[in-house]
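Student: Predicted model and sequence below, questions to follow.
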Amino acid sequence: MRLEINGWTSKITFSATHIIPMHAKCGRLHGHDYAINASIQGELGPDGVIMDFISVKEFLRGIASELDHRVLIPKKDKGVSIVGDYVLYKIGGKELKLPTCDCILLDIDVASAETLATFVLSRMLEKVKFPKNVRRIEIGVDEGRGQGAWTGQDL
Ligand SMILES: [Zn+2]
């Protein structure tokens, strides 16, 4: 069976700014409304459910609020450095200087929906205890409605 959490209707959303280097249009600083979706697959437990999805929603809302109203900075990008209270982000011939308090530094190399989904999944696997009947977790990050990237892992 599969348990699905829709980020839009469950209000697991955030608004953030990012930049995708090497892209003509996405190479300019811009923002999106994002939603985090989840799919949890497994057998029914003795209580007739796969797992308590309220706790999963709360966990995902916590991540969404960390990312909300921030500039998403991929700290593995070689163009990123922290100098004092600022993030310097060199992209091609440009250099952005952003106050660190307005940014969130993520352990990724580019702030795409794909890497955000991977970031959320790995955080979830690290922090959430899943019952033994859960077989697979999938996370989808939508960049606006109707377009998103999914990743998953078998447990
Ligand atoms: Zn974008």
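Tutor: Perfect, I can see it now. Numbers count the residues shown, from 1 in each chain.
Student: which residues are contacting the helix or strand that contains residue 54?
Tutor: In this structure, residue 54 is located in helix 53-67 according to DSSP states H and E. Under the contact criterion Cβ atoms under 8 Å, 6 or more residues apart in numbering, helix 53-67 has outside partners 3, 5, 7, 10-14, 16, 34, 36, 38, 40, 104, 116, 120, 123-124, 127-128. (Glycine included, C-beta is placed from N, CA and C.)
Student: average model confidence for whatever helix or strand residue 38 lives in?
Tutor: Assessed by DSSP H and E, residue 38 sits inside strand 30-42. Mean per-residue pLDDT for strand 30-42: 97.
Student: again, but for stretch 95-111
Tutor: The model assigns stretch 95-111 a mean pLDDT of 96.
Student: got the buried residues for it?
Tutor: By neighbour count with 16 or more other Cβ atoms under 10 Å, stretch 95-111 contains the buried residues 96, 98, 103-106, 108, 110-111.
Student: which ones are touching the residue minimising distance to the centre of the chain?
Tutor: Closest residue to the average C-alpha location of the chain: residue 116 at 3.5 Å, with Cα atoms, centre = their mean. By Cβ under 8 Å, 6+ apart, the contact set of residue 116 is 34, 67, 72, 106, 108, 141, 149.
Student: Also residue 150?
Tutor: By Cβ under 8 Å, 6+ apart, the contact list for residue 150 reads 37, 117, 138-140.
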